[in-house]
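Asker: Here is a sequence together with a model predicted from it:
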Amino acid sequence: MPTPAVLLVRPDQTGEVRVSCERMTVEPDTPVRHYFDLYGNRCARVVLPSGTSTVHYSGWADVPDRVEDIDESAQETAPDRLADDVLLYTLPSRYCVSDVLGDEAWSRFGAHPPGYGRVREICQHVHDSLSFSYGTSTALSTAADVNAAGIGVCRDFTHLAISFCRALNIPARYVFGYLPDLDVPPDGAPMDFAAWMEVWLGDRWWTFDPRNNMPRKGRVVIGRGRDAADVAMVTTYGGPVLESMVVHAEEDLAPSWR
């Protein structure tokens, strides 16, 4: 039956990445209405007709030829001095159960000197303690579930690291996007969407990636939110079945359509 849906695949346009030559289509031909959600993410609303639908998005992203910024001297900010719009990211959310993991966070990281180095230590722990494997977590798996199981995918790594940060009163938000293999060996797995986090230190957001645990170039942000529930690739108001998904995020010499 016809099913309303919200699609989140178009990159953010507010940072250093410049996106052009965008094309988004739905087959069969279906009207699409674009809007910005409360986090500023570029969403598309559509009513998928009965039967099979195919959604295609492509674009050309001009990214900085460098990895994300790093500053070992960046300091944590006391909760009473945080900006009003940042305070939200210190609270528990659907998948980032910082209240459940609070005791573990303080016992593991509470004695570490506050600041950039403590967040880096959290990422290192998450990277070392979880194994990466597809199909090992579900849409219901919280950071506490993954922490107990010791296995998950990039969104689970990110949820756990965010939970530890928030338990320590460090604002952290979930980021979802494209991450091509630029200047790193390909890992051999089918390309997919990626998840990492941004942490508020000093007076700005800093990028951390507990899954890869290394600086990377070429990140193209699609959406930000409290956790994966806020930036689902597709939110549907019905029960459609996803038959297949293919992601290409790779370096090219000139814009082209595939």
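Answerer: Thanks, I have the structure now.
Asker: pretty sure residue 53 contacts residue 26?
Answerer: Yes - with contact defined as CB atoms under 8 Å, residue 53 reaches residue 26; the gap is 6.2 Å. To be clear about C-beta, it is placed using only N, CA and C from the backbone, and glycine gets the same treatment.
Asker: Looking at those two, which is more packed in?
Answerer: Using other CB atoms under 10 Å, the more surrounded residue of residue 53 and residue 26 is residue 26, with 20 against 17.
Asker: ok, and the closest non-adjacent residue to that one?
Answerer: Leaving aside its sequence neighbours, residue 26 sits nearest to residue 55 (CB to CB, 6 or more residues apart in numbering; 5.4 Å).
Asker: What residues does the one you found make contact with?
Answerer: The neighbourhood of residue 55, defined by CB atoms under 8 Å, 6 or more residues apart in numbering, consists of 7, 9, 24-26.
Asker: Other residues contacting stretch 118-125?
Answerer: Outside stretch 118-125, the residues that reach it (CB under 8 Å, 6+ apart) are 76, 108-109, 112, 161, 164-165, 168, 170, 199, 201, 206, 208-210, 213.
Asker: my bad, stretch 241-251
Answerer: By CB under 8 Å, 6+ apart, stretch 241-251 touches 52, 178-182, 191-193, 218, 220, 233-234, 258.
Asker: So for it, what gets flagged as buried?
Answerer: Neighbour-count burial for stretch 241-251 flags residue 249 (criterion: 16 or more other CB atoms under 10 Å).
Asker: I'd like the mean pLDDT over it, please.
Answerer: Averaging pLDDT along stretch 241-251 gives 91.
Asker: Just the CA trace of it, in CSV.
Answerer: Only the C-alpha atoms of stretch 241-251 are listed here, as CSV (Å, rounded to 0.1, in the frame of the first residue of the first chain):
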residue,chain,number,x,y,z
VAL,A,241,10.7,-4.3,3.2
LEU,A,242,14.2,-3.1,2.2
GLU,A,243,15.3,-5.4,-0.6
SER,A,244,18.7,-3.9,-1.3
MET,A,245,21.0,-1.0,-0.6
VAL,A,246,24.1,0.0,-2.5
VAL,A,247,26.5,2.8,-1.3
HIS,A,248,29.3,4.3,-3.4
ALA,A,249,31.6,6.9,-1.8
GLU,A,250,34.8,7.0,-3.7
GLU,A,251,37.3,9.4,-5.1
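Asker: quick check, distance from it to the centre of its chain.
Answerer: 16 Å (CA atoms, centre = their mean, to the nearest Å).
Asker: isn't there a strand covering residue 45?
Answerer: Yes - assigned with DSSP: H, G, I helix; E, B strand; the rest coil, residue 45 falls within a strand.
Asker: Which ones among the contacts of stretch 118-125 lie within strands?
Answerer: 199, 201, 206, 208 (DSSP state E).
Asker: Residue 187: which of those residues is nearest?
Answerer: Lowest distance from residue 187 to the ones in strands among the contacts of stretch 118-125 (CB to CB) belongs to residue 208, with 19.1 Å.
Asker: Quickly list what that closest one is bridged to.
Answerer: On the basis of DSSP bridges, residue 208 is bridged to residue 197.
Asker: quick one: it from residue 178, how far?
Answerer: According to CB to CB, to the nearest Å, residue 208 stands 18 Å off from residue 178.
Asker: Over to residue 136?
Answerer: Taken as CB to CB, the span from residue 136 to residue 178 is 23 Å.
Asker: Which residue of those two possesses the greater neighbour count?
Answerer: Taking other CB under 10 Å, residue 136 and residue 178 do not tie; residue 178 has more neighbours (23 against 16).
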